[in-house]
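In: Output the structure for:
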Amino acid sequence: MKKYLAEAFGTFWLVFGGCGSAIFAAAIPTGENNQLGLGFLGVALAFGLTVLTGVYALGHISGGHFNPAVSFGLWAAKRFPKSELLPYVISQVVGGIIAGLALSIIANGKPGFALTGGNPLATNGYGDHSPMGYSLWACLLAEVILTFFFLIVIIGATDRLAPSGFAGVAIGLALTLIHLIGIPITNTSVNPARSTGVALFAGNGEILGQLWLFWFAPIVGAILAGYVYYSFFEETRRVKVATSSSFDGE
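Out: This next block holds a predicted model:
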């Protein structure tokens, strides 16, 4: 159970830290036409920091997935057993939902708080719920591509031939970059548990109706990345192919 608890805790931290920075600290009114706060760059960095710190704190226990798409991608890359997929995904979604509930309770502790705007509670969306109004197909393509490269970084950075001890840094910075690209498009998901955790408490049926995209696109992108890395870049795969070819030649 330690692995599953670690995944739940890590996903909670990701959702609470990343979405919490967007809800509470992205913009802080200080007077007429004046604001302080983290802003766009700060929110992107916050998501990266949650993964970076979570991987170093809990990665040695569970592998530090904190994201159903990551689990699917590692499975496609032959790095993760199929038998663990469902328990990991359940743990991650539970962690995300508890974080969403905690964020909702805290947000409602401010007088006058209301779930308004296209992305209440830092939710993801397309069309009217895309921060900049991007279409369903644009958002679908963006989420697939962003998740694809996120998994390429994760699988590559954890390869046995990669420099040891730096995987968390590479993964955290990759997620920061992904958010710098994706926040204007979908508010950036690349993580079904992150999307689900806040969507359930956003009080908007349209956002719940769009949640399918933030499961489908990240998982498709992750599986494609796992297949591509295993087929073309995996060292053990290259050794197997080379060995097989030498036997065939004999």
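In: does Ser71 sit in a helix, a strand or a coil?
Out: Classification of Ser71 by DSSP: H, G, I helix; E, B strand; the rest coil places it in helix.
In: what residues are up against it?
Out: His65, Phe80, Glu84, Leu85, Tyr88, Val89, Gln92 (C-beta atoms under 8 Å, 6 or more residues apart in numbering). Bear in mind the C-beta positions are built from the backbone N, C-alpha and C, glycine included.
In: Quick check, central residue of this structure?
Out: Nearest to the geometric centre of the chain sits Asn191, at 3.4 Å (C-alpha atoms, centre = their mean).
In: Now that residue: closest residue in space, sequence neighbours ignored.
Out: In this structure, Asn191 finds its nearest non-sequential neighbour in Asn67, 4.3 Å apart by C-beta to C-beta, 6 or more residues apart in numbering.
In: Now do the same contact list for the one you found.
Out: So Asn67 contacts Thr11, Leu14, Gln92, Val190, Asn191, Pro192, Ala193, Arg194, Pro218 (C-beta under 8 Å, 6+ apart).
In: Restricted to helices, list those.
Out: The helices, defined by DSSP state H, take in Thr11, Leu14, Gln92, Pro192, Ala193, Arg194, Pro218 from the contacts of Asn67.
In: Identify, from those residues, the entry nearest to Val169.
Out: Closest approach between the ones in helices among the contacts of Asn67 and Val169, by C-beta to C-beta: Leu14, at 16.2 Å.
In: Skip the chain neighbours and tell me the closest residue to the closest one.
Out: Leu14 sits nearest to Thr50 (C-beta to C-beta, 6+ apart), 4.5 Å away.
In: what's next to the one helix or strand the one you found maps to, contact-wise?
Out: Element membership for Thr50 (DSSP states H and E) is helix 39-62. Here helix 39-62 makes contact (C-beta under 8 Å, 6+ apart) with 2-4, 6-7, 9-10, 13-14, 16-18, 20-22, 25-27, 38, 64, 66, 88, 167-169, 171-177, 179-180, 183, 188.
In: how about the strands of the chain, start to end?
Out: 28-31, 34-36 (DSSP state E).
In: At which residues are the helices of the chain located?
Out: Going by DSSP H, the chain shows helices at 2-20, 39-62, 68-76, 85-107, 136-157, 167-186, 192-199, 205-209, 213-232, 235-249.
In: To Gly118, which of those helices lies closest?
Out: helix 205-209 (8.8 Å).
In: Now do that closest one, average pLDDT.
Out: Per-residue pLDDT over helix 205-209 has a mean of 96.
In: so where is this structure shaky, pLDDT-wise?
Out: 31-34, 236-250 (pLDDT under 70).
In: ok, now with 50
Out: 241-250 (pLDDT under 50).
In: Please report which of the contacts of Ser71 has the highest neighbour count.
Out: The most crowded member of the contacts of Ser71, judged by other C-beta atoms under 10 Å, is Gln92 (32 neighbours).
In: Look at Met87 and say how many residues are nearby.
Out: In this structure residue 87 is Pro, not Met. For Pro87, using other C-beta under 10 Å, the count is 14.
In: Could you do Ser83 as well?
Out: Using other C-beta under 10 Å, Ser83 is surrounded by 8 other residues.
In: if we can go back for a sec, now the two most distant members of the contacts of Ser71.
Out: Farthest pair in the contacts of Ser71, by C-beta to C-beta: Phe80 and Gln92, 13.0 Å.
In: Is it possible to get JSON lines of the strands of the chain that adds distance to Ala199 and mean neighbour count?
Out: Converted to JSON lines, those look like this (distance: least, C-beta to C-beta, whole Å; neighbours: other C-beta atoms under 10 Å):
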{"stretch": "strand 28-31", "distance to Ala199": "25", "mean neighbour count": "10"}
{"stretch": "strand 34-36", "distance to Ala199": "26", "mean neighbour count": "10"}
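In: which residue packs closest to His179, ignoring adjacent ones?
Out: Among residues not flanking His179 along the chain, Ala44 sits closest, at 3.6 Å (C-beta to C-beta, 6+ apart).
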